[in-house]
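# pasting the structure only:
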């Protein structure tokens, strides 16, 4: 099978194999991405983040179904905690979206964080590109839900939806944790619970304090009860409205340019790191350097500076 060509044709099997190749860094992973890249950049990428227990999976499920009712094809990347035994995703999110697995217009992929602390798997960006190249109209990225380090999503998505829920006792903590600054749209899920209106007021107050940073777009706050399919259509319409705003103001181009820049820098750092590590470990130099640091004969700052100087000659 020519995986890249089959992905472009929309093959679900090829799509799955391509993501597996990239995630596990198989020998053909780079060639697959090289062939697919010209076919990317067309999908709307929606990031969904928020604290654990906010109902992100249920909300993603309902939003995906709403997209399908509009005739759009959907990709979902559900970033789950990594299993300490297999290193793979625990797959809790996919279980919650079980009905969608029967829909041929929806492709769901669970990815383990594999030690990444920003709420996303390191290979999430590549998985997004593969789904985009396969023709998916809308791609949802649901983060793992680790709370205070959930900010990586802003560099991977066009529109970031922050999901909060009343009654957990950590409303303000979630708002203060950097999540407020990355939200393009807010959803108060489980809004039938007591405290939903109070949470709405608190978010508005925080947005007023931060209003000078986003003068041209004030993040709307929508109330939903995802388990009962309430407020879903309105929330999706607001997400589309934000996407149109980005396009009309030229900020979509800016965001995607910044994303490309970050991806290039990240790839360079990873490849340079692997190259340097290979060079200094193959001749046993690394162990010697560790010994020098441990015995205080040298310091790590000088060693790193000297290594870079030698490597970049």
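Yes, it's here. Treat the numbers as computed from the prediction; the structure is a model and nothing was measured. Numbering: from 1, shown residues only.
# Could you identify the helix or strand that succeeds the one helix or strand residue 248 maps to?
With secondary structure defined by DSSP states H and E, residue 248 is part of helix 232-249. Next helix or strand after helix 232-249 toward the C-terminus (DSSP H and E): helix 251-282.
# For the residue nearest the centre of the chain, give me the pLDDT.
With distances taken as C-alpha atoms, centre = their mean, the residue of the chain nearest its centroid is residue 153 (4.2 Å). Looking at residue 153, its pLDDT stands at 72.
# Okay, it and residue 186: tell me how far apart.
Per C-beta to C-beta, to the nearest Å, residue 153 is found 14 Å from residue 186. (C-beta placed from N, C-alpha, C; glycine too.)
# How about residue 287?
Residue 287 sits at a distance of 51 Å from residue 186 (criterion: C-beta to C-beta).
# higher neighbour count, the two?
Counting neighbours by other C-beta atoms under 10 Å for residue 287 and for residue 186 shows that residue 186 has the greater number, 26 against 11.
# what residue ranges in the stretch 101-250 of the chain are flagged as low confidence?
Low-confidence regions of the stretch 101-250 of the chain, defined by pLDDT under 70, span residues 113-122, 144-152, 168-179, 210-215.
# in it, which spans are strands?
106-112, 138-142, 159-164, 185-188, 221-223 (DSSP state E, counting those that start in this stretch).
# Show me the one of those that comes nearest residue 253.
strand 159-164 (14.6 Å; C-beta to C-beta).
# Now do that closest one: distance to the chain's middle.
Using C-alpha atoms, centre = their mean, to the nearest Å, the mean C-alpha position of strand 159-164 is found 12 Å from that of the whole chain.
# which other helices and strands contact that strand?
Contacts defined by 3 or more C-beta pairs under 8 Å, 6 or more residues apart in numbering; DSSP states H and E place strand 159-164 against strand 44-49, helix 180-182, strand 185-188, helix 232-249.
# my read: residue 142 touches residue 61, true?
No - Residue 142 sits out of contact with residue 61 when judged by C-beta atoms under 8 Å, with a separation of 9.6 Å.
# returning to that earlier point: quick one: contacts of the helix holding residue 248?
44, 46, 59, 62-63, 65-67, 158-159, 161, 184-185, 187, 216-217, 220, 222, 224, 226, 251-252, 255 (C-beta atoms under 8 Å, 6 or more residues apart in numbering).
# Is it correct that residue 289 is in contact with residue 281?
No - counting by C-beta under 8 Å, residue 289 stays clear of residue 281, with 10.3 Å between them.
# Neighbour count for the two, which is higher?
Summary of the neighbour comparison: residue 289 and residue 281, criterion other C-beta under 10 Å, with residue 289 having more neighbours (17 against 11).
# sorry, back to before: let me have the helices and strands packed on strand 159-164 in TSV, extended by distance to residue 7.
Formatted as TSV, the entries for those read as follows, by distance: least, C-beta to C-beta, whole Å:
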stretch	distance to residue 7
strand 44-49	17
helix 180-182	30
strand 185-188	30
helix 232-249	24
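# Which stretch among the ones you listed approaches residue 10 most closely?
Across the helices and strands packed on strand 159-164, the minimum distance to residue 10, taken as C-beta to C-beta, is reached by strand 44-49, at 17.7 Å.
# Report the inter-axis angle for the closest one versus helix 251-282.
Our comparison of strand 44-49 with helix 251-282, counting by axes from the mean of the first three to the mean of the last three C-alpha atoms, to 10 degrees, yields an angle of 70 degrees.
# pretty sure the residue nearest to the centre of the chain contacts residue 159?
No - taking contacts as C-beta under 8 Å, residue 153 lies outside contact range of residue 159: 10.3 Å.
# okay, and the common contacts of the two?
Contact criterion C-beta under 8 Å, 6+ apart; residues shared by residue 153 and residue 159: residue 47.
# Including distance to residue 308, could the strands of the stretch 101-250 of the chain go into TSV?
Below are the strands of the stretch 101-250 of the chain laid out as TSV (distance: least, C-beta to C-beta, whole Å):
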stretch	distance to residue 308
strand 106-112	32
strand 138-142	34
strand 159-164	35
strand 185-188	43
strand 221-223	48
